[in-house]
Every structure is written in C-alpha cells, then in structure tokens.
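Enquirer: Quick check, what structure comes out for this input:
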Amino acid sequence: MKLTSNPPPDFVVIEFKSIATLQQEAETLHRKLNEDGETGNQYLVVKKMPRGASILLGVYRKMMDSVTYRISWEGEKGQIRIIPSPAYDMIIRSLTDKITDALLDRGVDFFEFGWGSTTAYRSLTGHGGKQPDDFFLPPTRRNLPAEEVKWPTLVMVSGMSESQEKVFEDASWWFENSCGQVRMVITLLINRANKTVDWEMRQLTKPGQSPPGRSYFTKPYLDMPPLASQHPADQQQYISQMGQISQNREIKNTRMYIHFRALFDRKPGPRETDIQLSAHDLIDIAKYL
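Expert: A predicted model of the protein is given here:
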C-alpha cells in the first residue's frame with residue numbers, strides 16, 4: 001500500500017537531511033495545527049529517508065523531543081503523523097483503561113495484559129513499517145520464539161477528522177502486513193472543535209465469505225473475527241461496529257463489543273467473557289476533548 005495513495009489536503013513533502021531538520025519541520029507543522037485549532041493537515045511526507053532513521057524514529061518515541069508523532073515508512077519514503085495535543089493520547093489511554101477494567105472484572109489476571117503503546121512493526125509482505133497509537137499483545141504471542149514477529153491481536157489508530165481516508169488506510173495496513181494476525185482495528189476520528197469522536201471497529205471476513213451488509217448493525221451479536229492468518233490477496237475487510245462519542249453526552253450507538261478469544265488468542269476461562277463497553281463507558285472517554 002502506498003503511503004500517499006490518499007493524501008490529505010495540503011500535506012507537506014520534504015527530503016530527508018537529518019533528524020534535527022526533520023524535527024524542525026515537525027515543530028512547524030505542529031505549531032500550525034495548534035494555531036488553526038487542531039484542524040488541517042497533520043502529515044509530513046519524507047523522501048529519501050534512510051532505513052536506519054525510520055527504525056530509530058519508530059523505536060524511540062522521544063526522537064523529536066516535544067513533538068508527539070507516529071511514523072510509517074515504505075522503502076525510502078517516510079510519513080510522519082503529527083499528534084496535535086495530549087488529548088489524543090489521553091483518549092486512547094482512556095479506552096484501553098476501560099477495556100482493562102472490564103477484563104479485570106471478568107477475572108483476567110493482571111499479568112496477562114499486554115498493551116504495547118506505539119512500538120513500530122515491520123511488514124511481513126513488503127519493505128515498510130508502522131507505529132500504532134496502541135495495541136494489545138496477549139501472552140500467547142509474547143511467548144513466541146524470538147525470531148517470530150509478535151503481532152498484536154488488537155490495534156488502535158487515531159487521527160483528526162480531516163485525516164479520515166489516511167486513518168482508514170492505516171487500519172488496512174495492519175491487516176494486510178500482518179497477514180491477518182491483527183484481528184481487530186479500532187479507528188478513532190477526533191474532532192476537537194465539535195467535541196466528538198467517531199469510532200469504528202474493523203475486522204476481516206472468514207475465508208470465502210462476503211462482508212455483511214448494513215443490516216449487520218441491527219443484529220444482537222457480532223461475528224468472531226477469523227482466528228487463522230489470511231494472505232492479503234484473500235482478505236475482505238469490513239466495519240463490524242461504529243458509533244460516535246460526544247462530550248455533551250449525545251451518543252450514537254450504545255456499546256463496543258470485543259470477543260475475548262480473538263483478543264487473547266485462547267479460549268476464555270470460567271469467569272472470562274466477551275467485553276461489552278456501555279454508553280456510559282464510551283461517553284466517559286470524551287471528557288478529554
């Protein structure tokens with residue numbers, strides 16, 4: 001997948017010279033985002049970026065000091081997504097805390113939690129990599145041999161509402177480049193001006209099945225994401241859930257549902273059940289807008 005196949009308006013393109021120069025460009029873009037009320041372009045496309053620089057920026061989160069970012073790369077082309085304010089990280093953290101609390105209530109031991117923050121992953125199918133906003137890596141995968149890529153089961157990706165197409169493209173990257181080992185991707189489109197978060201849960205269909213129609217949202221249950229790997233050419237992605245969270249306590253859709261087995265890569269124990277976040281849980285996340 002090309003990094004600029006759906007570029008947002010006015011995205012900035014530069015040629016890599018040094019990390020210090022890249023930091024200056026990132027600071028300029030960050031300043032503009034804040035001057036414009038956290039609206040506009042949040043992407044910096046970097047040509048001729050050395051592989052070593054991409055890896056460093058993906059591993060060490062403080063490489064650009066005060067600017068919070070997420071990096072993607074494909075060959076010598078990099079893409080820096082600037083995070084406008086701490087509210088974005090706090091919304092993600094609040095959602096992960098809600099999921100954690102729900103699992104603790106279901107008897108899951110604390111040592112089984114595997115939130116991984118923004119660790120970058122390298123593609124299994126290409127020559128690129130990407131940072132998420134957060135991810136969940138269960139013990140069954142953390143204990144894999146050192147030479148195996150320990151892909152998460154759940155990934156979270158956020159962005160401003162103007163970056164909708166790029167955020168959805170990022171979601172697809174995780175399915176394709178993990179060969180379906182990533183089972184669920186939650187996207188969050190944040191609009192600070194309107195005080196809203198539009199969220200979607202994306203997953204793959206089972207092999208040979210077509211994505212369900214919109215009537216899927218009226219069903220009282222949700223299909224389990226496929227548990228086996230899928231080659232990118234065989235994948236069909238669809239939105240299994242969606243909703244809107246608002247700070248003024250108006251909300252569209254009343255729950256977020258996560259299959260326990262798909263998340264933990266094992267069968268649930270006696271007290272362990274699927275997770276269902278209520279309208280109250282989801283509204284509480286919006287307090288950081």
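
Enquirer: what stretches of this protein score poorly on pLDDT?
Expert: Scanning the chain for pLDDT under 70 picks out 1-9, 214-221.

Enquirer: Could you point out the helix or strand that follows the longest helix along the chain?
Expert: When the chain is scanned for its longest helix (criterion: DSSP state H), the result is helix 86-105. Where DSSP states H and E defines the elements, the next helix or strand beyond helix 86-105 is strand 121-122.

Enquirer: residues making contact with that next one?
Expert: With CB atoms under 8 Å, 6 or more residues apart in numbering as the test, strand 121-122 has contacts from 128-132, 149, 151, 177-178. (C-beta placed from N, C-alpha, C; glycine too.)

Enquirer: Name the member of these with the most neighbours.
Expert: Highest neighbour count within the contacts of strand 121-122, by other CB atoms under 10 Å: Pro132, with 26 neighbours.

Enquirer: I'd like the distance between that residue and Ile186.
Expert: Distance, Pro132 to Ile186, using CB to CB, to the nearest Å: 10 Å.

Enquirer: shared neighbours, those two?
Expert: Jointly contacting Pro132 and Ile186 under the rule CB under 8 Å, 6+ apart are 155-157.

Enquirer: I'd like the list of those that fall within strands, please.
Expert: If you go by DSSP state E, these have 155-157 in strands.

Enquirer: So how do I select the buried members of these in ChimeraX?
Expert: Restricted to buried positions by 16 or more other CB atoms under 10 Å, the ChimeraX selection for these reads:
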select :155,156,157
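
Enquirer: could I get the ones in strands among the shared contacts of Pro132 and Ile186 as JSON lines with distance to Pro145?
Expert: Listed next are those as JSON lines, based on distance: CB to CB, whole Å:
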{"residue": "Val155", "distance to Pro145": "22"}
{"residue": "Met156", "distance to Pro145": "26"}
{"residue": "Val157", "distance to Pro145": "28"}
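
Enquirer: Just give me the closest of the ones in strands among the shared contacts of Pro132 and Ile186 to Ser18.
Expert: Proximity of these to Ser18 (CB to CB) peaks at Val157, which lies at 28.3 Å.

Enquirer: Can you name the residues that contact the closest one?
Expert: So Val157 contacts 132-133, 167, 170-171, 174, 185-188 (CB under 8 Å, 6+ apart).

Enquirer: same thing with Gly107?
Expert: Contacts of Gly107 by CB under 8 Å, 6+ apart are 269-272.

Enquirer: Of those residues, keep whichever come out buried.
Expert: Those of those that meet the buried threshold are Glu272, by 16+ other CB under 10 Å.

Enquirer: Between which two of the contacts of Gly107 is the distance greatest?
Expert: Among the contacts of Gly107, the pair separated by the greatest distance (CB to CB) is Pro270 and Glu272, at 7.2 Å.
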